[in-house]
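Colleague: Test case, fold it:
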Amino acid sequence: MELGCFSISLSVKDLEKSKQFYQKLGFEVYAGEESHNFLIMKNGNTNIGLFQGMFENNILTFNPGWDQSAQPLSSYTDARELLKSFKSHGISIEQESADGDSGPASFSMADPDGNIILIDQHV
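Modeller: Numbering: from 1, shown residues only. The predicted structure is shown next:
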């Protein structure tokens, strides 16, 4: 079971200050839009998302169908298959948006400590 590209989505108070801080650690802006209050930053194969005012806590994010550079994979485990598997293992799903048989889909769950995990397929 492949979960796809991994990143941590950080809830930040000041996008510009956070961007500058992570740039000092060697991260570069890779995607996103400051005017929409989010940036995706990259350092090698490590991805972080900076999100101002979009959600309360940090989120572990997996993107099925993408590699660490957000390039489509030729084969991957679809989010709907992951959802079905997780449900069959008794994992409670917090939010679900996985219509149809293919294409974009997402769902989220919480680990035993309350950390939110987002499965967010864009392909």
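Colleague: Wait, a helix at Gly49?
Modeller: No. Counting by DSSP: H, G, I helix; E, B strand; the rest coil, Gly49 falls outside a helix, being strand.
Colleague: Show me the helices in the chain, by range?
Modeller: Applying DSSP state H to the chain gives helices spanning 15-24, 79-88.
Colleague: ranking the ones you listed by burial, who's on top?
Modeller: helix 79-88 (a mean of 16; mean count of other CB atoms under 10 Å). (Glycine included, C-beta is placed from N, CA and C.)
Colleague: what's that one packed up against?
Modeller: Packing partners of helix 79-88 (3 or more CB pairs under 8 Å, 6 or more residues apart in numbering; DSSP states H and E): strand 93-97, strand 105-110, strand 116-121.
Colleague: Let me have the helices of the chain in JSON lines, adding mean pLDDT as columns.
Modeller: Below are the helices of the chain laid out as JSON lines (pLDDT from 0 to 100):
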{"stretch": "helix 15-24", "mean pLDDT": "98"}
{"stretch": "helix 79-88", "mean pLDDT": "97"}
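Colleague: Leu50: which of the helices and strands packed on helix 79-88 is closest?
Modeller: Taking CB to CB, strand 116-121 is the member of the helices and strands packed on helix 79-88 nearest to Leu50, at 15.2 Å.
Colleague: Only alpha carbons, please: show the closest one as PDB.
Modeller: Output of strand 116-121 as PDB, limited to C-alpha atoms (Å, rounded to 0.1, in the frame of the first residue of the first chain):
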ATOM      1  CA  ILE A 116      -4.700  14.600  11.900                       C
ATOM      2  CA  ILE A 117      -3.700  12.600   8.900                       C
ATOM      3  CA  LEU A 118      -4.900  13.800   5.500                       C
ATOM      4  CA  ILE A 119      -5.000  11.600   2.400                       C
ATOM      5  CA  ASP A 120      -5.300  14.200  -0.500                       C
ATOM      6  CA  GLN A 121      -5.200  12.800  -4.000                       C
END
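Colleague: contacting residues for Tyr30?
Modeller: By CB atoms under 8 Å, 6 or more residues apart in numbering, the contact set of Tyr30 is Ile40, Met41, Lys42, Asn47, Ala70.
Colleague: let's go with 10 Å and repeat that
Modeller: Residues in contact with Tyr30, defined by CB atoms under 10 Å, 6 or more residues apart in numbering, are Ser7, Leu39, Ile40, Met41, Lys42, Asn43, Asn47, Ile48, Gly49, Ser69, Ala70.
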